[in-house]
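coords please:
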Amino acid sequence: MTDTCLLPQFSTDQVDQLLRTLFNIEAELKHLAGERDLNFLVISDAGKFIFKIANQNEDPGILDCQQQIFQRLADNNVFPSQFQAVKSVNGKVIETICDETGKTHLCRLLNYVEGRLLSAVNPHFPELLIEFGESLGKLDQALLSFEHEALQRPLLWKMHEALAVLEKFKPLLASTEQQSLIKYFENHFRDRVLPLDQSLRRSAIHNDANDNNVLIQGDSPWMQTISSIIDFGDMIHSWTVAEPAIASAYAMLDKDHPLEAAANIIKGYHQQLPLQEKEVGVIFDLICMRLCMSVCICAYQKSLEPDNEYLSISEQPAWRLLYKLRKIPPAFAQAVFRYACGLEAARQHSSIVKWLSGQQESFRSVVDIDLKNDPLLWLDLGVASPFFIKPDDTTKMARSLNRALEDAACVAGVGGYGEYRLLYNDDAFIDTDGHQRNMHLGIDIFMPAGSAIFTPIAATVFSTANHAKAFDYGGCVILQHRIPQTDLEFYTLYGHLGPDSITHINAGDKINAGDQIAILGDASENGGWPPHLHFQIMLDMLGETDTFVGAGSPVYHDVWLSLCPDPNLILGITPKLLDHPESDKQIIAESRKQTMNPSLSLSYRDPIHALRGSMQYLYDAKGRRYLDAVNNVPHVGHCHPRVVAAGNRQARLLSTNTRYLYASITDYCEKLVHKFPDPLTVCYLVNSGSEANDLALRLARN
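Sure thing, here's the model as predicted:
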């Protein structure tokens, strides 16, 4: 392991003279930032170049290695225009020079590639990050069999020697809180990565694909592409999977949704250089470890060069990200990355779902009614739900639900799995990656408070708890189930119970199928909800001990459905009752089957599937909120509750138009005209939409 050396000491005038002498070039020079090399942009009549003066301790073998790598990449058509070195007047690609103190340095003149740094591009669209991952995958694919003794050099930035780096520099961190955070990730790395050390693939990797080493071309945010990856000064022979992990670590800095950014890079990398399943399993730990190394090495470098601002360019963002990542369950991050690589998000999903499907007839009911045969009412609690006006208006919602059950003469109501709900548009439902969690992961069974709750399968009590906060579970029981003759296990959650009714069971207790475990709580003790059972299956507890999220983010839709399979595999409710509305893709595909006369014409690549308006907002089928001004003429406020109520009252009496005498219309027009400034004296009543408005404007001009 080597310590970082001071940058070469050459003035701009000295560099100008070197270029004249060695390359016969007169040029304008611009200093570029660097950690180990002194770099200059060279602008001359012959073109643009990068002049690099290596650190005095740089091994000549490293530069020879880089030149061989450049040739290998060019031969494999990986950024071929970049990897061309200019020969000196002496016919050399690498020249030796001396500074004023007599210290020798190696220097090179490389072709300049046009582009902006990725760090200067905002935002980083998913497509751009996927292409970034693809570029790295192509680069590493070309180098899989590349060998050079210089790649075995001592270097601080070796991921497989990370613990030695932390041990040496962690004491330099500013606070015990920071040291404790590093210790947390250090333990995970030791427990989950190091045991796989010898089985993880190793190859030559760039090892520093941060956003200051990636060039972008294209002015439009939607048309930007990766033009090059630069600065191969930290290349080493290490774990292949460290490459996408390092790139992800830097791309996640200051992102609102860091896990999503990493998943896009990993997805792109895997498409070019497929990752092994065990490699995917350690990426999150490697991301965290790279950040830990970064802040620790930065602390050391600042102790050597306190005035070098480049050394700490990513220090504060790295700390902020580490605190964010500390809150993300590693198992969830692993599931997201598995899905990005085309694997099942939950490794055991297919096996457990297959077993549950084959056992359904033997499962007991979770409530004291027959869910297969008794009359049940589907209760739409999704975006277009008729049962509530405002997401937090659960009292009115309860009255609406009870009225609907009475009118339908049903013994229970059922709320759906995978349903997107505005009920969860509250800060309490924001996940650790910054997304709103509004996709329901369980099935709700609405019954009176006090109704008995049973376990359908033999189990061990995993936990009992009372989560008394608003919108939480209230009384909650989680049971653990093991599948006989296998190492497979899963969990079931029972939420919104009466807290007093679960005091008779404790963690570790054995429960037989059909045993009563609790009763339903009322709104005063179940988080403020109408009385109901929230029933959910989990294949991984994601580090939780006595609770589990009941709603996931639509961004990770398939990941959550893999981690939390359909609860109806156990409940056995008639599938027809639980049929989901068609997805956007299904609606579009069905329409476009009608090739002769399609019933749907779309103007957007990803059309907004609007289901609800409320005040100034529109909500789409996934509960995402848009300002109600997204198409042609803005219709701000047309879903104001008072406007809707007035329209509802009128529609129940008579729906009319201006062909008939109707006093309400003339009264409304007179009141409206009184609000107009001079010379406006006439109002035209038109249907909403650009064509009708255009007609009204043409009439007004005449």
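
What is the burial count for residue 701?
Using other Cβ atoms under 10 Å, residue 701 is surrounded by 6 other residues. Quick note: C-beta positions are derived from backbone N, CA and C, even for glycine.

Distance-wise, check it relative to residue 684.
With distances taken as Cβ to Cβ, to the nearest Å, residue 701 is found 12 Å from residue 684.

List the buried residues of stretch 404-411.
With burial defined by 16 or more other Cβ atoms under 10 Å, the residues of stretch 404-411 counted as buried are 404, 405, 410, 411.

Out of these, list just those in helices.
Secondary structure of the buried residues of stretch 404-411 is defined by DSSP state H; positions in helices are 404, 405.

Now compare the buried residues of stretch 404-411 and name the two farthest from each other.
The most widely separated members of the buried residues of stretch 404-411, counting by Cβ to Cβ, are 404 and 411 (13.0 Å).

For residue 204, give me its contacts.
Under the criterion of Cβ atoms under 8 Å, 6 or more residues apart in numbering, the contact partners of residue 204 comprise 69, 140, 143, 146, 147, 148, 151, 235, 236, 237.

Please report phi then psi for the first one.
Geometry field for residue 69 lists phi and psi as phi -70, psi -40, criterion degrees, to the nearest 10.

Tell me which residues touch it, please.
Contact analysis of residue 69 by Cβ under 8 Å, 6+ apart lists 83, 143, 146, 148, 204, 232, 235.

Taking those residues together, which two end up most distant?
Checking the contacts of residue 69 against each other with Cβ to Cβ, the farthest-apart pair comes out as 83 and 148, at 15.3 Å.

and the two? which has more neighbours close in?
The residue with more neighbours, out of residue 83 and residue 148, is residue 83; 21 against 17, by other Cβ under 10 Å.

Which pLDDT value goes with the more buried one?
Confidence at residue 83, expressed as pLDDT, is 63.

what does residue 232 give?
With respect to pLDDT, residue 232 scores 89.

same question, residue 389
Per-residue pLDDT puts residue 389 at 62.

Kindly report the same for residue 633.
Among the per-residue scores, residue 633 shows a pLDDT of 49.

How many residues are close by residue 181?
Using other Cβ under 10 Å as the criterion, the residues surrounding residue 181 number 20.

Pull the contacting residues for the residue nearest the centre of the chain.
A centroid search over the chain (Cα atoms, centre = their mean) returns residue 260, at 2.3 Å, as the residue closest to the centre. The contact partners of residue 260, by Cβ under 8 Å, 6+ apart, come to 126, 433, 435, 555.

How is the last one classified with respect to secondary structure?
To tie it back to what came earlier, the one meant is residue 555. Assigned state for residue 555: helix (three-state reduction, DSSP: H, G, I helix; E, B strand; the rest coil).

Next one: it from residue 225, what distance?
24 Å.

okay, these two: which has more neighbours?
With neighbours defined as other Cβ under 10 Å, residue 555 and residue 225 compare such that residue 555 has more, 20 against 14.

so what's that one closest to, chain neighbours aside?
In space, not counting the residues next to it along the chain, residue 555 is nearest to residue 435; the distance is 5.1 Å by Cβ to Cβ, 6 or more residues apart in numbering.

likewise residue 430?
With Cβ to Cβ, 6+ apart as the criterion, residue 430 has its nearest non-adjacent residue at 6.0 Å, and that residue is residue 436.

and that neighbour, how many neighbours does it have?
When neighbours are counted by other Cβ under 10 Å, residue 436 registers 21.

same question, residue 700
Around residue 700 sit 11 other residues, with neighbours defined as other Cβ under 10 Å.

That one: which element?
helix 690-701 (DSSP states H and E).

What segments of the stretch 351-500 of the chain are helices?
Remark: helices assigned in the stretch 351-500 of the chain by DSSP state H, counting those that start in this stretch are 394-408.

Okay, strands next: where are they in the stretch 351-500 of the chain?
Counting by DSSP state E, counting those that start in this stretch, residue ranges of the strands within the stretch 351-500 of the chain are 376-378, 412-415, 439-440, 443-446, 452-454, 459-467, 474-482, 489-497.

Is it possible to get JSON lines of these that adds distance to residue 516, mean neighbour count and mean pLDDT?
Supplementary listing: the strands of the stretch 351-500 of the chain in JSON lines, determined by distance: least, Cβ to Cβ, whole Å; neighbours: other Cβ atoms under 10 Å; pLDDT from 0 to 100:
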{"stretch": "strand 376-378", "distance to residue 516": "21", "mean neighbour count": "19", "mean pLDDT": "95"}
{"stretch": "strand 412-415", "distance to residue 516": "17", "mean neighbour count": "23", "mean pLDDT": "96"}
{"stretch": "strand 439-440", "distance to residue 516": "25", "mean neighbour count": "25", "mean pLDDT": "96"}
{"stretch": "strand 443-446", "distance to residue 516": "15", "mean neighbour count": "26", "mean pLDDT": "97"}
{"stretch": "strand 452-454", "distance to residue 516": "5", "mean neighbour count": "19", "mean pLDDT": "98"}
{"stretch": "strand 459-467", "distance to residue 516": "13", "mean neighbour count": "19", "mean pLDDT": "98"}
{"stretch": "strand 474-482", "distance to residue 516": "11", "mean neighbour count": "22", "mean pLDDT": "98"}
{"stretch": "strand 489-497", "distance to residue 516": "11", "mean neighbour count": "24", "mean pLDDT": "98"}
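
Nearest to residue 102, out of these?
That would be, of the strands of the stretch 351-500 of the chain and by Cβ to Cβ, strand 439-440, which comes in at 67.3 Å.

Which elements pack onto that closest one?
strand 551-552 (3 or more Cβ pairs under 8 Å, 6 or more residues apart in numbering; DSSP states H and E).

continuing past the strand it packs on, what's the next helix or strand?
helix 557-563.

what residues does whichever helix or strand comes after that following helix touch?
Beyond helix 557-563 on the C-terminal side, the first helix or strand identified by DSSP H and E is helix 568-571. The list of residues contacting helix 568-571 from outside it, by Cβ under 8 Å, 6+ apart, reads 353, 356-357, 360, 363, 366, 371, 417, 443, 445, 456-457, 492, 535, 537, 575, 578.

And for stretch 125-142?
Outside stretch 125-142, the residues within contact range by Cβ under 8 Å, 6+ apart are 72-73, 76, 78-79, 118, 121, 203-206, 209, 214, 216, 221-222, 224-226, 229, 240, 243-244, 247, 251, 260-261, 264-273.

helices and strands of this protein: which one bottoms out on pLDDT?
Evaluated with mean pLDDT, DSSP states H and E, the helix-and-strand set of the chain has its lowest mean pLDDT in helix 584-592, which scores a mean of 64.
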